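# Can you look at this prediction? I've put the sequence above it.
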2 protein chains.
Amino acid sequence: MVMPRSGGHISAAPPTLADVAELAGVSRQTVSNAVNNPDLLRADTLARVQDAIDKLGYQPNRAARSLRTRASHLIGLRMPALQEGTANAMMDRFVHTFVEAAAETGYHVLLFYGDPADPLDGYDELLRSTAVDAFVVTDTHLGGQQTTWLQSRRARFVSFGRPWTQPDAKHPWVDVDLAYGAEIATEHLIERGHSKIAWIGWHKDSLLGEERRSGWIHAMHTHGLSTTGLASRTEDSISSGKAAADAILDETEPTALVCASDTLAMGVLHSLFERRLRLGEDIAVVGFDDSQVAQTVPPGITSVRPPLEEAARELVKALEELLATPSYAAPGVMLKPVLTVRGSS
Amino acid sequence: MVMPRSGGHISAAPPTLADVAELAGVSRQTVSNAVNNPDLLRADTLARVQDAIDKLGYQPNRAARSLRTRASHLIGLRMPALQEGTANAMMDRFVHTFVEAAAETGYHVLLFYGDPADPLDGYDELLRSTAVDAFVVTDTHLGGQQTTWLQSRRARFVSFGRPWTQPDAKHPWVDVDLAYGAEIATEHLIERGHSKIAWIGWHKDSLLGEERRSGWIHAMHTHGLSTTGLASRTEDSISSGKAAADAILDETEPTALVCASDTLAMGVLHSLFERRLRLGEDIAVVGFDDSQVAQTVPPGITSVRPPLEEAARELVKALEELLATPSYAAPGVMLKPVLTVRGSS
DNA sequence: ACCATGGCTTGGAACGATCCAGAGTTTCAC
DNA sequence: GTGAAACTCTGGATCGTTCCAAGCCATGGT
C-alpha cells in the first residue's frame, strides 16, 4: 500500500479494511475477524482494532462483501399494484412493519417494479444478477404463478398469503384467518341483537372472497339464523358495493351488513347516505381490513383488523431461518384477526 | 479455468462473464463490452456474444459490478414514519410512482428504516458502506437536518419538498405549491357562492400549514372577503379537526370550510355528523391531499390533489442528472396541484 | 529437552465484474 | 507500397472483502 486513501486530496473515499489494518497495526484478515468473529481475537487486539474502526468510521463495503459471501442482505419486494380501493393502504402498513422488522436483523428491503400484467416480471433479473437473497411474495391468492416459478428457479422466498392453489407447497408462509374474521364480525352483530345480517362479498371465483363468506355462513348457521336471500356477490369497488347494498336493502331489509372489504363498506355508506339512513343507528355495518377509511369516517366503521405487524415479524423470522438453513421447510403460520368495534355497529 | 461452473452438479450457479466468453470464443472484456458498449464490437462478434448471453441467460452480477464501478444503482428511501392521519396514503402513492419511474432508468429503491426520533438514523450506515448511490429525502419541512447533514457528508440526494429553512441549498428538489392549492380551493368555493369561508389549519410553527393558509388568505382578500374570526389552528388529527369545527361553527357560522388536510376534513365531518348537518348540502368542505378517504366518503370530499406522479418522475429525472454530473445543481421544480371536485362542495 | 496442542494471527487466492494499456488487424491517404 | 490512424480485441491488474491453509507462539505433558 503506497498511501492511505483516507488522507486523499479531494472528497476522501470511505476507509477500507486495509486502512483500518494499517492504523491498528494488524493484518486485513484480523480486522475482518474483529468485525465478523470478534471472539477469535485476543481481547487487547480486538480493542485496538475497534479503536481504529471507530476512529476511521469504517463500515464494510457492501458490494465487496456481497461479492465474496454471495449474500446481499437485501430482500426483494415487488411493489404491489396500486388498487382502486382501500387494500393498498393495508399493504402500506404491512410494508412498513416489514421494513422495520427486517432492519432489526440486518436486512434491507429492495423495492422493485413489475408490469402489473405479468406477475413474474422483475423477479428474473434480480435473481440472475444475485441482487437479493430472497423475496417476499404477497399476492398468492391470484394464483400460484409466482411461487411455482420461484420454486422452479430454486429461489428463496416466503409468502404473505397461504399457498391457495398448491396445498403441498413447501415454502414458509404467513396468512391471516379471515374466515374467522368474518365469523367474529358476524357474531358481534348477533350479540348486538341483529338476526337479519346480510353479506356483501366478492365474486365466486375469488378465493379470498369465498373464504370470508364461509365465516359469515358458519356464524349464521351456528346461531340458527337463515342466510337465504341475504348474500350478494359483486366487484370490489365502491360503486358495486353501493349497488349491492341498494338491491339487498330493497329486497330483504336486513338490519346489519357484513362486507368483505372496507371498500364495499364504503359503497354501502353511499347507499345509506342517499337513503338518509344513519350509520350505526338505523343500520349496522362491518367491514374488513381496518383501513384508514374505516377508522376515520364518522362514526367509524367496525372492521376486521388483520395483524399485519405480527405477520411481518413472523415473515422476517421465517426468512432468517430460511437463509440460515437453505433446506428449511417451515409450517405455515395462520394468524387471527381482531375486530375493531366502532360506531357503525 | 478448470471447469465451466454451469456444468456443476448441484444447483447451477449463475453464469459469469467468463462462462459467456468461453462459449462465444472471445475474451471476458469483449463480453463486458457487448453488455456495456455494444458499439465497440464488430457486428458479427456482437451477435455471437449476444447468442451466448441469451443461451446462458447471463445477467451481470450486481455485487461485482458495484464493487468495480462504485455504483450500486440503488436509491435509498427512508421509510416515512407511519402517521395517524391520511398523509401516509399519499406517501404510498408517491413511493409507488417513484419506484416505477426509477425502474425505467435502471434504478431500484432500497427502503430502510430509521428510528423516528432521530431524523438522521440509518443514512450513515448506508452511506459508509456505499450501499446506495443517492437518497430521496422526503420530510424537509421538519427542518433541514437531513439535508444539511447529507450535504456535509458530500452525499448525493434529491428532496421531495423545498429546502424550507435553507433558501441557498444547492440540491435538486421538487415540491408542490400548496399555497396555490389553498387558493384554488378557496376560489372554487367563492365561485360556488360562498363568502363566509373558514380555514382549519395547523399550528403556527408548521411551515406547511402557514404556506397553505396564505393561499386561503390571498384568495379571500383578492375577492374582498374578510377572514376575521374565520381561521383556526390546531393539531393534524381527527379529534382536533372536530373540535376546531365545533368551535368555528358555533361562533361564526361559516357556510364553507377549507381544511389543511383530509384528516382535518374528516374531523369536520365528525362534527357535521353529530350536528346532523348534511355534507355538500348544508355546508361545503374542501380538504387537502386527495386521499383515499376523501375519494370514498360519501358524497366525496373535494380535495386539493398534489401531482405525486409527476413529482416522482421529476425527482428521478433530477437524480439521473445528478448521478451523471456530480456537480449538477438543478433549479428546484415547483408543481401545481389540481382541485378534485366532489360532492362535499 | 521435545513434540503435540490450541489460541491467535497472517499472506495469498478468490468472488465477478470493469479499467487500462497495449497488441493485432483493417482501412485509407499519399 | 508504406505508414499512420482507426477499429477490434485481449490479458493483466484492480475494486474491498472473506475463505483458506499455514505460520507463530506460548503452554503443558512426557
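Nice, I can see it.
# where does the stretch 201-345 of chain A have low pLDDT?
Of all residues in the stretch 201-345 of chain A, none has pLDDT under 70.
# can you give me how far stretch A:116-127 is from the chain middle?
Averaged C-alpha coordinates place stretch A:116-127 at 18 Å from its chain's average position (CA atoms, centre = their mean, to the nearest Å).
# Same question for stretch A:281-295.
21 Å.
# Quote the end-to-end distance of that stretch.
End-to-end distance for stretch A:281-295, by CA to CA, to the nearest Å: 18 Å.
# same thing with stretch A:230-238?
Stretch A:230-238 end-to-end distance (CA to CA) = 19 Å.
# is it anywhere near chain B?
Yes - applying CB under 8 Å from any CB of the partner chain, one finds that stretch A:230-238 is in contact with chain B at residue A:238. Placement of C-beta: from N, CA and C, glycine included.
# How far away from the center of its chain is that stretch?
On CA atoms, centre = their mean, the centre of stretch A:230-238 falls 24 Å from that of its chain.
# Please apply the same query to stretch A:207-217.
That offset, for stretch A:207-217, works out to 20 Å (CA atoms, centre = their mean).
# what's in contact with that stretch?
Applying CB atoms under 8 Å, 6 or more residues apart in numbering or on different chains, the set of residues contacting stretch A:207-217 from outside is A:141, A:164, A:178-183, A:185-186, A:197, A:199, A:201-204, A:227, A:231, A:233, A:258, A:260, A:288.
# Return the set of buried residues in it.
A:207-213, A:215-217 (16 or more other CB atoms under 10 Å in any protein chain shown).
# any weak-confidence spans in the stretch 1-150 of chain A?
Ranges of the stretch 1-150 of chain A meeting pLDDT under 70: A:1-12, A:83-88.
# Try it again at 90.
Scanning the stretch 1-150 of chain A with the threshold set as pLDDT under 90 gives A:1-13, A:79-93, A:116-117, A:119, A:139-145.
# quick one, helices of it?
A:17-24, A:28-36, A:43-56, A:62-69, A:87-104, A:123-128, A:145-152 (DSSP state H, counting those that start in this stretch).
# got those helices as CSV, with mean neighbour count and distance to residue A:328 columns?
Shown next, in CSV, are those (neighbours: other CB atoms under 10 Å in any protein chain shown; distance: least, CB to CB, whole Å):
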stretch, mean neighbour count, distance to residue A:328
helix A:17-24, 20, 32
helix A:28-36, 18, 22
helix A:43-56, 16, 32
helix A:62-69, 19, 19
helix A:87-104, 22, 17
helix A:123-128, 19, 19
helix A:145-152, 17, 14
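# Next, format those helices as TSV and append distance to DNA strand C.
Output for the helices of the stretch 1-150 of chain A, formatted as TSV (distance: least, CB to the nearest atom of the strand, whole Å):
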stretch	distance to DNA strand C
helix A:17-24	7
helix A:28-36	3
helix A:43-56	3
helix A:62-69	4
helix A:87-104	25
helix A:123-128	9
helix A:145-152	21
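# do you know which of those lies nearest residue A:341?
helix A:87-104 (18.7 Å; CB to CB).
# relative to helix B:87-104, how tilted is that closest one?
80 degrees (axes from the mean of the first three to the mean of the last three CA atoms, to 10 degrees).
# quick one: is helix A:87-104 near chain B?
Yes - counting by CB under 8 Å from any CB, chain B is contacted by helix A:87-104 at A:88-89, A:91-93, A:95-96, A:99-100, A:102-103.
# closest to residue B:251 out of the helices of the stretch 1-150 of chain A?
Nearest to residue B:251 among the helices of the stretch 1-150 of chain A is helix A:87-104; the distance by CB to CB comes to 34.9 Å.
# ok, and what's touching that closest one?
A:75, A:77, A:80, A:82, A:108-109, A:136, A:138, A:160, A:236, A:261, A:263, A:289-293, A:306, A:308-309, A:311-313, A:315-316, A:319, B:79, B:82, B:88-89, B:91-92, B:111-113, B:122, B:292.
# Show me how far that helix is from its chain's centre.
The mean C-alpha position of helix A:87-104 is separated from the chain mean by 6 Å, CA atoms, centre = their mean.
# beta partners for residue A:335?
Counting by DSSP bridges, residue A:335 forms beta bridges with residue A:176.
# what's the burial count for it?
15 (other CB atoms under 10 Å in any protein chain shown).
# pretty sure residue A:330 is in a helix, no?
No - according to DSSP: H, G, I helix; E, B strand; the rest coil, residue A:330 belongs to no helix; its state is coil.
# thinking again about what came up before, keep only those of the contacts of helix A:87-104 that are in strands.
A:75, A:77, A:108-109, A:136, A:160, B:111-112 (DSSP state E).
# Which pair of the residues you listed spans the longest distance?
Maximum distance among those (CB to CB): 19.9 Å, for A:160 and B:112.
# could you dump the helices of the stretch 1-150 of chain A to JSON lines with distance to residue A:281?
Shown next, in JSON lines, are those (distance: least, CB to CB, whole Å):
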{"stretch": "helix A:17-24", "distance to residue A:281": "69"}
{"stretch": "helix A:28-36", "distance to residue A:281": "64"}
{"stretch": "helix A:43-56", "distance to residue A:281": "64"}
{"stretch": "helix A:62-69", "distance to residue A:281": "58"}
{"stretch": "helix A:87-104", "distance to residue A:281": "27"}
{"stretch": "helix A:123-128", "distance to residue A:281": "50"}
{"stretch": "helix A:145-152", "distance to residue A:281": "45"}
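# closest to residue B:344 out of the ones you listed?
helix A:87-104 (20.4 Å).
# Return the residues in contact with residue A:27.
By CB under 8 Å, 6+ apart, residue A:27 lies in contact with residue A:21.
# Tell me the helix or strand right after the helix or strand containing residue A:220.
In this assignment (DSSP states H and E), residue A:220 forms part of helix A:207-222. Downstream of helix A:207-222, the first helix or strand assigned by DSSP H and E is strand A:231-234.
# All the helices of the stretch 151-300 of chain A, residue numbers only.
Counting by DSSP H, counting those that start in this stretch, the helices of the stretch 151-300 of chain A are A:178-191, A:207-222, A:238-251, A:262-275, A:292-296.
# what would the ones you listed look like in JSON lines with distance to DNA strand C?
Formatted as JSON lines, these follow (distance: least, CB to the nearest atom of the strand, whole Å):
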{"stretch": "helix A:178-191", "distance to DNA strand C": "43"}
{"stretch": "helix A:207-222", "distance to DNA strand C": "40"}
{"stretch": "helix A:238-251", "distance to DNA strand C": "49"}
{"stretch": "helix A:262-275", "distance to DNA strand C": "45"}
{"stretch": "helix A:292-296", "distance to DNA strand C": "44"}
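# Please identify which of the ones you listed is closest to residue A:334.
helix A:178-191 (8.8 Å).
# List the buried residues in the closest one.
Quick answer for helix A:178-191 (16+ other CB under 10 Å): A:178-190.
# quick check, nearest of the residues you listed to residue B:30?
residue A:178 (55.7 Å).
# That closest one contacts residue A:335, doesn't it?
No - using CB atoms under 8 Å, residue A:178 makes no contact with residue A:335, being 10.0 Å away.
# what touches both of those two?
With CB under 8 Å, 6+ apart, residue A:178 and residue A:335 have common neighbours residue A:306.
# Name the nearest residue to the residue in the stretch 201-345 of chain A positioned nearest to DNA strand C, ignoring sequence neighbours.
For the stretch 201-345 of chain A, the residue closest to DNA strand C is residue A:326, as judged by CB to the nearest atom of the strand, at 16.8 Å. The shortest distance from residue A:326 to any non-neighbouring residue, by CB to CB, 6 or more residues apart in numbering or on different chains, is to residue A:156 (7.4 Å).
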